[in-house]
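K.L.:
Give me a model of this one.
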Amino acid sequence: MAEDLSGLGTESLVVTRREAVAIVTLNRPHKRNALDDGMVLGLERIARGLPDDVRALVIAAEGPHFCAGLDLAELTERDAPAGMLHSRMWHRAFHEIEFGRVPVVAALKGAVIGGGLELALSAHLRVAETSAFYALPEGQRGIFVGGGASVRLPRLIGVSRMRDMMLTGRVHDAESGERLGLSHYVTPPGEGLERAIALAARAAENAPLTNYALIHALPRIAEADPATGYLTEALMTAVAQSDAEAKRRLAEFLEGRAKKVRE
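P.N.:
Now for the predicted structure:
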């Protein structure tokens, strides 16, 4: 029997599972799922503590909104060292999601703004319902992003578009967000979570070492100079091909027993 994951959760982070897929649900709908420090640390702990039989993770949300960013109650006055360490705590938590053991899919809807967008960007795939909208209001609040957006977002949409969002408070809807790369899929209202779970389940079927390479090696290859990238790719493909799971799947393919490519 699959291990129950409810013990990993808290009142504001509910953890369930669907076979090999763990689902963590932000559960503060009265606050539009705004993140406090306990939730950020909880996400880090959950991502790190998934049992071995969990092969993918979905981040979802209760209520009409994914996440409205940092809980304003957390905006206490801090000196520079404290502010830096607080930001680094968010970096560490979201790094655990982005560079953990399993693929992560975010199911987005309603507000995906500020720290909520930063959380979404740490996922490997993003499914947005048509209600989703994206913004970085930090510029209008006299602050700066602190959860990794200045690193992750320009790689998706470019420095110029991120600057536009912060200078003017520009809001992108679900359609615009998909065009820019903020999401990979758009669904009708109410269908985002099931689509995210289905995508996570499909990714969970992959060989674990292949998924590990996609999570850890691919982004580093993309950032490397070409010579280093080609060498790293060659080393990674050699490691992946030597894995027993890869050998089994290749044998099934050669014997005509493997699944066909599907849409």
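
K.L.:
can you list the domains in this structure?
P.N.:
The chain breaks down by the TED database into domains covering 6-205, 208-255.

K.L.:
continuing past the strand or helix carrying S150, what's the next helix or strand?
P.N.:
Using DSSP states H and E, S150 sits in helix 149-157. Downstream of helix 149-157, the first helix or strand assigned by DSSP H and E is helix 159-168.

K.L.:
Who are the packing partners of the helix or strand following that following helix?
P.N.:
Remark: after helix 159-168, the chain's next helix or strand is strand 172-173, criterion DSSP H and E. With contacts taken as 3 or more C-beta pairs under 8 Å, 6 or more residues apart in numbering; DSSP states H and E, strand 172-173 sits against strand 133-135. The way it works is simple: take the backbone N, C-alpha and C, and place the C-beta from them, glycine included.

K.L.:
show me where the stretch 51-200 of the chain has strands.
P.N.:
56-61, 104-108, 111-113, 125-129, 133-135, 172-173, 185-187 (DSSP state E, counting those that start in this stretch).

K.L.:
Buried deepest among these, which one?
P.N.:
Each of the strands of the stretch 51-200 of the chain was scored by mean neighbour count; the highest is strand 104-108, a mean of 29, by mean count of other C-beta atoms under 10 Å.

K.L.:
so that strand versus strand 125-129, what angle?
P.N.:
20 degrees (axes from the mean of the first three to the mean of the last three C-alpha atoms, to 10 degrees).

K.L.:
now the angle from strand 104-108 to strand 56-61?
P.N.:
Using the same axes, to 10 degrees, strand 104-108 lies at 20 degrees relative to strand 56-61.

K.L.:
so what does strand 104-108 touch, helix or strand wise?
P.N.:
Counting by 3+ C-beta pairs under 8 Å, 6+ apart, strand 104-108 packs on strand 56-61, helix 115-121, strand 125-129, helix 192-204.

K.L.:
For those, give me a markdown table that also has mean pLDDT and distance to L136.
P.N.:
Shown next, in a markdown table, are the helices and strands packed on strand 104-108 (pLDDT from 0 to 100; distance: least, C-beta to C-beta, whole Å):
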| stretch | mean pLDDT | distance to L136 |
| --- | --- | --- |
| strand 56-61 | 98 | 19 |
| helix 115-121 | 98 | 7 |
| strand 125-129 | 98 | 16 |
| helix 192-204 | 98 | 21 |
